[in-house]
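Chemist: got a sequence here, can you build the structure:
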Amino acid sequence: MTESHKSITATGGCLCGAVRYKVYGPLRAVVNCHCRQCRRTHGHYAAYTSVKNKHLRVSEDHGLKWFQSSDQARRGFCKECGASLFWEPKDAGTTSIAAGTLDQPTGLKTIRQIFVAYAGDYYEISDKLETLTASMRAGE
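Modeler: Residues are numbered from 1 along each chain as shown. Below is the predicted model of the structure:
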């Protein structure tokens, strides 16, 4: 896929601009993750959308750094400003994008909470979103 053959559906980046990206395909609705790793990475729970890897292009990457956070996934962040941008599960063919890094308007809606059993003890989940005690089912 070349940029000229497909239109941009979303753009985004980090706080300082050292990482910018373009999305050329559909984004999944936003899912809030309360797992320990996301809370440590973001300082609170994480809100992620997701896209197929073939639809994601990093257009500015001089600040992009990857951290292997587990055997199952790696996390992409800006080494300049510290912004958390991506979560990429091993062999899934998708990359989750921190929803707050998208340029507005996104047109996205938050649909679900996952790993709610690991939510911090300093907040309460009180919305009407679907809640799962662990991760989502494969393919969602």
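Chemist: contacts, neighbours, all on C-alpha from now
Modeler: Fine.
Chemist: buried stuff in stretch 110-122?
Modeler: 110, 112-116, 118-119 (16 or more other CA atoms under 10 Å).
Chemist: distance from the chain centre to it, please.
Modeler: Averaging C-alpha positions (CA atoms, centre = their mean, to the nearest Å) puts stretch 110-122 15 Å from its chain's average.
Chemist: go on, stretch 93-104?
Modeler: For stretch 93-104, the distance to the chain centre is 4 Å (CA atoms, centre = their mean).
Chemist: any weak-confidence spans in the chain?
Modeler: Residue ranges of the chain with pLDDT under 70: 1-5, 135-140.
Chemist: again, only using 80
Modeler: 1-6, 129-130, 132-140 (pLDDT under 80).
Chemist: which of the three states applies to the most centrally placed residue in it?
Modeler: Centroid-nearest residue in the chain, with CA atoms, centre = their mean: residue 97, separated by 2.5 Å. Assigned by DSSP: H, G, I helix; E, B strand; the rest coil, the conformation of residue 97 is strand.
Chemist: could you do residue 41 as well?
Modeler: Under three-state DSSP, residue 41 falls in the helix class.
Chemist: number the chain from 5, please
Modeler: That works, and once the first residue is 5, the last one we named lands at residue 45.
Chemist: doesn't residue 36 make contact with residue 50?
Modeler: Yes. Shown here, residue 50 and residue 36 form a contact pair, counting by CA atoms under 8 Å, at 5.5 Å.
Chemist: quick revisit: export the buried residues of stretch 114-126 as JSON lines, with columns for secondary structure.
Modeler: Shown next, in JSON lines, are the buried residues of stretch 114-126 (three-state DSSP):
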{"residue": "114", "secondary structure": "strand"}
{"residue": "116", "secondary structure": "strand"}
{"residue": "117", "secondary structure": "strand"}
{"residue": "118", "secondary structure": "strand"}
{"residue": "119", "secondary structure": "coil"}
{"residue": "120", "secondary structure": "helix"}
{"residue": "122", "secondary structure": "helix"}
{"residue": "123", "secondary structure": "coil"}
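Chemist: and residue 58, how many neighbours?
Modeler: Residue 58 has 13 neighbours, counted by other CA atoms under 10 Å.
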